[in-house]
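[1] sequence and predicted structure below; questions after.
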Amino acid sequence: MKLVDIRLRFIAEEMTAKELVQFQRQLDSEPELRSRVRRIAADDASAGPEGRMGSSMAQLLAVSLGSGGAVSALVAVLPSLLRARRSDTTVEVTLPDGRSAKITAGSAEDARALLESALRDHSSQG
């Protein structure tokens, strides 16, 4: 089965490196996502004081998806992780071809449609 790598960019007023690791661990704890989540560095990354990620720091995770089950797991778990945060956070999901959708604690259906479309496109290419 072919895998497609998507990028998750966390957009928050304040997010520590520790919080990003916690997001990574929580995503990785989902059976369908296990061993498919990794942190990635942004070209313009710069750490802020006291372990906080500065405003120019992109809080990025990459997830390799290859099945509808993985898509469903990702779309189901992200809103609940966002609701658990004290401050508002949005996750921008970006596909390799540049298409993207934003997920908030309240909505995830746009991201589900985008990810399912990406997997169909990726499957038909090979």
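    Perfect, thanks for sending it. Numbers count the residues shown, from 1 in each chain.
[2] where do the strands sit along the chain?
    4-12, 37-40, 59-65, 89-94, 100-103 (DSSP state E).
[3] for the first one, packing partners?
    For strand 4-12, the contact count by 3 or more C-beta pairs under 8 Å, 6 or more residues apart in numbering; DSSP states H and E identifies strand 59-65, strand 89-94, helix 109-124 as packing neighbours. The C-beta positions use only the backbone N, C-alpha and C, and glycine is treated the same way.
[4] that one - what's its average pLDDT?
    Across strand 4-12, the average pLDDT comes to 88.
[5] report the separation between Phe23 and Gly68.
    Look at Phe23 and Gly68: by C-beta to C-beta, to the nearest Å, they are 22 Å apart.
[6] those two: which has the busier surroundings?
    Remark: of Phe23 and Gly68, Phe23 carries more neighbours, 24 against 14, as counted by other C-beta atoms under 10 Å.
[7] one step back: between the helices and strands packed on strand 4-12, which one is nearest to Ala76?
    Each of the helices and strands packed on strand 4-12 has some distance to Ala76 by C-beta to C-beta; the shortest is helix 109-124, at 9.0 Å.
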